[in-house]
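**Student:** Here is my input, please return the structure:
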Amino acid sequence: MSCYISQGVTLGCSDGIGGIKSIYVLGATGSTVPDVTSVSITGSTGPITGITGAGTWFQFDLKRNTSSLAQNVTKSFENGTIYFEQVLTAVLYKYDQDKRNQLKLLSQNDAIQIIAVDQNDVQYYLGQTNGLYLSGGSAATGVALGDRNGFELIFTGQEPQPANVISGVLSSIFTAGGFND
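**Tutor:** As a prediction, the model looks like this:
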């Protein structure tokens, strides 16, 4: 494999916006253990076009201007190693028993796979190889009447590559891949 770049990057238009608007977390359904058995990628560097496996992708809707995704490059020149740290911060509103119960389960899982959809409708597959884990966050009621009542969840993972982008309608990809609705 060559380490040399094969094309440049143009400036493009200033039409992107920030923030994450929803996430899909792969979970079990009944006795079905969540598992991704294969990922289809167009060519060697193209987007993901298919995901096959078992379980259910559960959707969490997020309010705008609250949630984020960062992919930080960590390289050791001396050791010749590199990895990409994925950090997803998701804010959920209203502390209730159902969210509390899901938070408890998420905190016990060390190999979570998440698809994050940003405000530009770009779909990122996080934790594809090593999984994510709930590394921090809070459940808080705030102080003043206008303060947030809810959860901030911070998921972290270390991957050998930046997150792949998924091309296509997620519901169709999930159904075609054998996942439950």
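**Student:** where does this protein dip in pLDDT?
**Tutor:** Applying pLDDT under 70 to the chain picks out residues 1, 32, 181.
**Student:** Now do the strands for it: every range, in order, please.
**Tutor:** 20-27, 35-41, 48-54, 56-61, 68-76, 81-93, 114-118, 123-126, 133-140, 150-159, 164-166 (DSSP state E).
**Student:** Would you mind telling me which of these is nearest Phe174?
**Tutor:** Among the strands of the chain, strand 56-61 comes nearest to Phe174, with 5.4 Å by C-beta to C-beta. C-betas here are computed from N, CA, C, even on glycine.
**Student:** could you give the angle of that closest one to strand 114-118?
**Tutor:** Strand 56-61 and strand 114-118 are oriented at 30 degrees to each other (axes from the mean of the first three to the mean of the last three C-alpha atoms, to 10 degrees).
**Student:** count of residues packed around the residue nearest to Val87 when sequence neighbours are not counted?
**Tutor:** Nearest-residue entry for Val87: Ala70, 4.7 Å, with adjacent residues in sequence omitted and distances by C-beta to C-beta, 6 or more residues apart in numbering. Counted by other C-beta atoms under 10 Å, the residues lying close to Ala70 total 10.
**Student:** any idea how far Ile154 is from Ala70?
**Tutor:** Counting by C-beta to C-beta, to the nearest Å, the gap from Ala70 to Ile154 is 11 Å.
**Student:** Now the common contact residues for these two.
**Tutor:** With contacts defined as C-beta atoms under 8 Å, 6 or more residues apart in numbering, the residues adjacent to both Ala70 and Ile154 are Val87.
**Student:** about what we covered before: is it possible to get a markdown table of the strands of the chain that adds distance to Ser2?
**Tutor:** Shown next, in a markdown table, are those (distance: least, C-beta to C-beta, whole Å):
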| stretch | distance to Ser2 |
| --- | --- |
| strand 20-27 | 34 |
| strand 35-41 | 19 |
| strand 48-54 | 23 |
| strand 56-61 | 36 |
| strand 68-76 | 18 |
| strand 81-93 | 16 |
| strand 114-118 | 30 |
| strand 123-126 | 25 |
| strand 133-140 | 34 |
| strand 150-159 | 21 |
| strand 164-166 | 20 |
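**Student:** who wins for proximity to Asn180 among the ones you listed?
**Tutor:** Here strand 56-61 is closest among the strands of the chain (C-beta to C-beta), at 4.3 Å.
**Student:** That closest one packs against which elements?
**Tutor:** strand 20-27 (3 or more C-beta pairs under 8 Å, 6 or more residues apart in numbering; DSSP states H and E).
**Student:** Please tell me I have it right and Ile173 contacts Gln123.
**Tutor:** No: contact between Ile173 and Gln123 fails when scored by C-beta atoms under 8 Å: they sit 9.1 Å apart.
**Student:** what touches both of the two?
**Tutor:** Here Ile173 and Gln123 share the contacting residues Ile166, scored by C-beta under 8 Å, 6+ apart.
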